[in-house]
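Peer 1: Predicted structure and sequence below. I'll ask about it afterward.
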Amino acid sequence: MNYITDMDKMAITPKGLKFVLAGVIVMVAGFVLLSGGGIKDPQVFNYAMFDFRRLVAAPIVILAGIVVIIVSITGKFDKE
């Protein structure tokens, strides 16, 4: 006999898993925004290291991805 109990069900719905994947993609986009700005000569100061993209935009995008993941895990989505 094959009984489905509460222990057999997943804790997260398929819709929630899609949101987790979307949150991970948003976080990866934030890390891509954070990258770059390297220079070959270490004696030369690089002002590109302190631009808006790296100091403000990238951390906000990364935090948005974390928020999407937290909401997707803790949120309750109705089945369609």
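Peer 2: Right, received. Where do you want to start?

Peer 1: contacting residues for the nearest residue to residue 28 once chain neighbours are set aside?
Peer 2: Leaving aside its chain neighbours, residue 28 sits nearest to residue 65 (7.9 Å; criterion: Cβ to Cβ, 6 or more residues apart in numbering). (Glycine included, C-beta is placed from N, CA and C.) Residue 65 sits next to 23-30 when contact means Cβ atoms under 8 Å, 6 or more residues apart in numbering.

Peer 1: Would you enumerate the residues in contact with the nearest residue to residue 12 once chain neighbours are set aside?
Peer 2: Using Cβ to Cβ, 6+ apart and skipping residues adjacent in sequence, the residue nearest residue 12 is residue 73, 6.4 Å away. Contacts here follow Cβ under 8 Å, 6+ apart; on that basis residue 73 touches 12, 16, 20.

Peer 1: okay if I get these as a markdown table plus pLDDT?
Peer 2: A markdown table is the format used below for the contacts of residue 73 (pLDDT from 0 to 100):
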| residue | pLDDT |
| --- | --- |
| 12 | 77 |
| 16 | 87 |
| 20 | 94 |
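
Peer 1: now those: which count as buried?
Peer 2: By neighbour count, with 16 or more other Cβ atoms under 10 Å, those hold 16, 20 as buried.

Peer 1: From the contacts of residue 73, which land in helices?
Peer 2: Per DSSP state H, helices hold the following members of these: 16, 20.

Peer 1: Turn the contacts of residue 73 into CSV, columns for distance to residue 61.
Peer 2: As requested, the contacts of residue 73 are exported to CSV (distance: Cβ to Cβ, whole Å):
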residue, distance to residue 61
12, 23
16, 21
20, 17
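
Peer 1: Residue 12 contacts residue 20, doesn't it?
Peer 2: Yes. If you go by Cβ atoms under 8 Å, residue 12 and residue 20 touch, sitting 7.4 Å apart.

Peer 1: Figure out the helix or strand that the residue nearest to residue 28 lives in.
Peer 2: Residue 65 is part of helix 58-74, with elements assigned from DSSP states H and E.

Peer 1: List the buried residues in that helix.
Peer 2: Result for helix 58-74 [16+ other Cβ under 10 Å]: buried residues 58, 61-62, 65, 68-69, 72.
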